[in-house]
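1. Sequence first, then the predicted structure, then my questions.
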Amino acid sequence: MVLELFLGFLKVGCFAFGGAYAAIPLIRDIVLSHGWIDEELLTYMIAVSESTPGPIMVNLATYVGSTKAGFFGAIAATLAVVLPSFVTILLMTAALKTAGKNRYVQAVLRGLKPCMVGIILATGCFMMGKNCGFFGQGAVFSLRAAGITALLALVFFGSEKVGKKKLSPITLIVISACLGALVYAF
């Protein structure tokens, strides 16, 4: 099991480009295909990983590894998910001193930005639709989840109009946690 966790999360670490949010579909695919945790628990863990200190991929890898194989599973999954980035950063630091000035390299990096935005947006829309019950196996519309989503969107977009200032992600996380506690407590 430890080797399986290492290899699974090594795939995530190797192919996750664009940050943790862009890696969520890949993490989801690997975790669900191996049957390590179910989709509902994965969604909860993504939410918890966003609100706890540390990178989301590392938090998810540690949790899944710990759940499936204890301490050594957590170490293996965490090491596997960070190892490719660590090696890549070491190599890129040396290479980008000269290649970073190349116009073709700059063009490739500029071209990747919209792709990452699209992946992150698609993941967010998928998670919102799934949790609100718009689609999925046995989907049941959740008025509570849809109401919280609509209220958060209103707060996020309205704060810029009213306060002439963007709402910080931390503030939005705190508001969503409070709303979730209020709505689901009763």
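-> Now that the structure is in, tell me what you want to look at.

2. Could you use CA atoms for every contact and neighbour count after this?
-> Noted.

3. same question for the biggest helix by length in the chain, mean pLDDT?
-> If you go by DSSP state H, the chain has its longest helix at helix 56-99. The pLDDT scores in helix 56-99 average 89.

4. need the next SSE after it, C-terminal direction.
-> Per DSSP states H and E, helix 56-99 leads on to helix 103-132 as the next helix or strand towards the C-terminus.

5. still on that earlier bit, okay, angle between the longest helix of the chain and helix 103-132 too, please.
-> 170 degrees (axes from the mean of the first three to the mean of the last three Cα atoms, to 10 degrees).

6. If you count contacts, what does helix 56-99 end up packed against?
-> helix 2-15, helix 20-34, helix 39-51 (3 or more Cα pairs under 8 Å, 6 or more residues apart in numbering; DSSP states H and E).

7. I'd like the distance between residue 50 and residue 173.
-> 9 Å (Cα to Cα, to the nearest Å).

8. Name the nearest residue to the residue sitting nearest the centre point of the chain, ignoring sequence neighbours.
-> Most central in the chain under Cα atoms, centre = their mean is residue 21, positioned 3.6 Å from the mean C-alpha point. Distances taken as Cα to Cα, 6 or more residues apart in numbering place residue 120 nearest to residue 21, at 5.6 Å, with adjacent residues excluded.

9. burial measure for the one you found, as a count.
-> 20 (other Cα atoms under 10 Å).

10. what does the one 10 residues further on give?
-> Other residues within reach of residue 130, judged by other Cα under 10 Å, total 20.

11. I'd assumed residue 137 was in contact with it.
-> No. At 9.3 Å, residue 130 and residue 137 do not qualify as touching, with contact defined as Cα atoms under 8 Å.

12. before we move on, the earlier item: tell me the angle the longest helix of the chain makes with helix 39-51.
-> Helix 56-99 runs at 60 degrees relative to helix 39-51, counting by the same axes, to 10 degrees.

13. relative to helix 20-34, how tilted is helix 56-99?
-> 130 degrees.

14. quick one: the residue nearest to residue 21 and residue 139, what's the gap?
-> For residue 120, the distance to residue 139 - Cα to Cα - is 23 Å.

15. One more: residue 107?
-> Residue 107 sits at a distance of 42 Å from residue 139 (criterion: Cα to Cα).

16. just residue 61 next, same as before
-> Separation of residue 61 from residue 139 (Cα to Cα): 28 Å.

17. When those two are compared, which one has more neighbours?
-> residue 61 (28 against 13).
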